[in-house]
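# take this sequence and fold it.
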Amino acid sequence: MIDQNWEDLVIETGVDNLLNYLVEEKEAPVSQISEELGVAEDQAKTWAEALDEKGFLEKNRSARKGMILKYTDKNREKANEKLQEMKEEVEKKSEIVKKELETRKKEVKKAKKRLEELQKELENDREEEENIFDKMGKLKEMEHEIKEAIKEQNEKQQGLKSESVKLVSRIDNALKRIDEVGSTANSFEKKEQDIRKKIKALKKLENHVKSAEEKEELEKKMKKDIYRRDRE
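Numbers count the residues shown, from 1 in each chain. As a prediction, the model looks like this:
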């Protein structure tokens, strides 16, 4: 678990719940956390070891309470740092996907032209003509999907959608079936899974950072209110 990729770690439900609990409580013994979360203490300790190594929390030991976990400003800064790194990585991948979509757009156009030429050659073969007509319809649908995907990518700041990568993979497979165009479909399917994981981890981290910041603001406001009441 300690060597686990930090993205996998963050999106794991139990780990996510543990972090949320610490954001709220700031500090708590593992025995208390495991009881509150309804998990075995050994499991909570395993998560804590991994999170401590990644810099997302701090752990200490107490003779009376055992392992104690703490969520500090330093941990929040670490989460923010990872958040920014991930946003930059997702943006870079977004640009790659946009370029790939533009490339596939051209390839689909070429494939349509080849089918049109083939259609003329086989105009007396009704069965083949219907087959070509069917493939042409699929290409036109893909053209529309590519257009919409590019539009969405351009409109959103962090517009990388795993669906866009999946679309590239699907187009590659369709083009391959039409005329055995070289395909990178498998690599894009893997990218789609990787991006889906990154976006999920990004959202989890954003929630942790946001919760910590909101809690800090609330505590500051409460201190100001108490100070003001004491002066009155």
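
# who does the longest helix seen in the chain touch, helix- and strand-wise?
Taking DSSP state H as the criterion, the chain has its longest helix at helix 73-121. With contacts defined as 3 or more CB pairs under 8 Å, 6 or more residues apart in numbering; DSSP states H and E, helix 73-121 has these neighbours: helix 126-155, helix 162-179, helix 185-231. For the C-beta atoms, the positions are set from N, CA and C on the backbone; glycine is no exception.

# averaging pLDDT over each of the ones you listed, which comes out lowest?
Lowest mean pLDDT within the helices and strands packed on helix 73-121: helix 162-179, a mean of 56.

# tell me the SS of residue 61?
strand (DSSP: H, G, I helix; E, B strand; the rest coil).

# beta-bridge partners for it, please?
residue 67 (DSSP bridges).

# correct me, but it touches residue 68?
Yes: in this structure, residue 61 is within contact of residue 68 by CB atoms under 8 Å, at 7.0 Å.

# which one of these two is surrounded by more residues?
The neighbour count for residue 61 versus residue 68, taken as other CB atoms under 10 Å, is higher for residue 68 (19 against 9).

# ok, that one - contacts?
The neighbours of residue 68, taking CB atoms under 8 Å, 6 or more residues apart in numbering as the test, are 27, 28, 29, 30, 59, 60, 61, 62.

# switch those over to a markdown table; also include pLDDT.
Shown next, in a markdown table, are these (pLDDT from 0 to 100):
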| residue | pLDDT |
| --- | --- |
| 27 | 91 |
| 28 | 92 |
| 29 | 93 |
| 30 | 92 |
| 59 | 88 |
| 60 | 88 |
| 61 | 89 |
| 62 | 84 |
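
# of those residues - the most surrounded one?
residue 30 (21 neighbours).

# how much space separates it from residue 49?
10 Å (CB to CB, to the nearest Å).

# for residue 38, same thing?
When residue 38 is compared with residue 49 (using CB to CB), they lie 20 Å apart.

# of these two, which one has the most company?
Neighbour totals were compared for residue 38 and residue 49, and residue 49 leads with 14 against 8 (other CB under 10 Å).

# just the CA trace of the helix or strand in which the more buried one is found, in PDB.
In this assignment (DSSP states H and E), residue 49 forms part of helix 41-54. Provided in PDB are the C-alpha atoms of helix 41-54 (Å, rounded to 0.1, in the frame of the first residue of the first chain):
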ATOM      1  CA  GLU A  41      -7.800  -0.200  13.100                       C
ATOM      2  CA  ASP A  42      -5.100  -2.000  11.200                       C
ATOM      3  CA  GLN A  43      -6.700  -0.900   7.900                       C
ATOM      4  CA  ALA A  44      -6.800   2.700   9.100                       C
ATOM      5  CA  LYS A  45      -3.100   2.500  10.100                       C
ATOM      6  CA  THR A  46      -2.200   1.100   6.700                       C
ATOM      7  CA  TRP A  47      -4.000   4.100   5.000                       C
ATOM      8  CA  ALA A  48      -2.300   6.500   7.500                       C
ATOM      9  CA  GLU A  49       1.200   5.100   6.600                       C
ATOM     10  CA  ALA A  50       0.600   5.600   2.900                       C
ATOM     11  CA  LEU A  51      -0.900   9.100   3.400                       C
ATOM     12  CA  ASP A  52       2.000  10.100   5.700                       C
ATOM     13  CA  GLU A  53       4.500   9.000   3.100                       C
ATOM     14  CA  LYS A  54       2.800  11.100   0.400                       C
END
